[in-house]
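Asks: Give the three-dimensional model of this entry:
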Amino acid sequence: MTDAAQQHVRRQLDKEGADALVLGITESGCNGYMYELRYVADQAGTVADSVRAFDFDGVTVLVENADWPLVGGTEIDYVTEGLNAVLKFRNPNASGECGCGESFSVDASNPDAGP
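Replies: Predicted structure coming up:
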């Protein structure tokens with residue numbers, strides 16, 4: 001997670017009254033998978049054996065073990081493009097992405113990719 005993303009997510013956590021950001025995926029989008037973000041207020045109730053927790057200078061990001069093969073190693077950045085600012089994902093597991101960067105595909109021949 002870049003410094004810019006940490007600052008943005010920290011502001012959002014404060015605004016939402018949340019403790020952590022959950023990074024997940026859903027089967028959707030024009031390429032097969034779509035990133036799904038949500039803020040959780042009760043991190044202690046969310047962290048379990050099925051969840052990986054990462055701390056980025058006080059910003060906690062949670063990833064379900066089932067989603068890890070698709071998002072492991074992903075860098076989250078916060079970038080400004082024209083008048084818009086968005087979270088961007090640099091996912092080493094993605095074999096393709098849609099133009100907007102919200103969905104991605106994985107190489108089906110990779111045994112580690114996919115839930």
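Asks: give the contact list for Leu21.
Replies: Val9, Gln12, Leu13, Leu37, Arg38, Tyr39, Val40, Val59, Thr60, Val61, Leu62 (Cβ atoms under 8 Å, 6 or more residues apart in numbering). Glycine gets a C-beta too; all of them are placed from N, C-alpha and C.
Asks: Just the closest of the residues you listed to Gly96, please.
Replies: Leu37 (20.7 Å; Cβ to Cβ).
Asks: Next one, pLDDT for the closest one please.
Replies: Looking at Leu37, its pLDDT is 93.
Asks: Bridging across strands, which residues link to it?
Replies: Leu23 (DSSP bridges).
Asks: What about the residue nearest to Ala20 when sequence neighbours are not counted, how many residues nearby?
Replies: Excluding the flanking residues, the one nearest Ala20 by Cβ to Cβ, 6 or more residues apart in numbering is Thr60, at 3.9 Å. The local packing of Thr60 (other Cβ atoms under 10 Å) involves 19 other residues.
Asks: Ok, Gly58 next?
Replies: So Gly58, with other Cβ under 10 Å, has 8 neighbours.
Asks: Enumerate every residue touching it.
Replies: Gln6, Arg10.
Asks: just to revisit the earlier point, so of the contacts of Leu21, which ones are in strands?
Replies: Those of those mapping onto strands are Leu37, Arg38, Tyr39, Val40, Val59, Thr60, Val61, Leu62, per DSSP state E.
Asks: Make a PyMOL selection of whichever of those residues turn out to be buried.
Replies: With 16 or more other Cβ atoms under 10 Å as the criterion, this PyMOL line picks the buried residues out of those:
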select buried, resi 40+59+60+61+62
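Asks: where does this protein have its least confident helix or strand?
Replies: When the helices and strands of the chain are compared on mean pLDDT, DSSP states H and E, helix 43-46 comes out lowest with a mean of 58.
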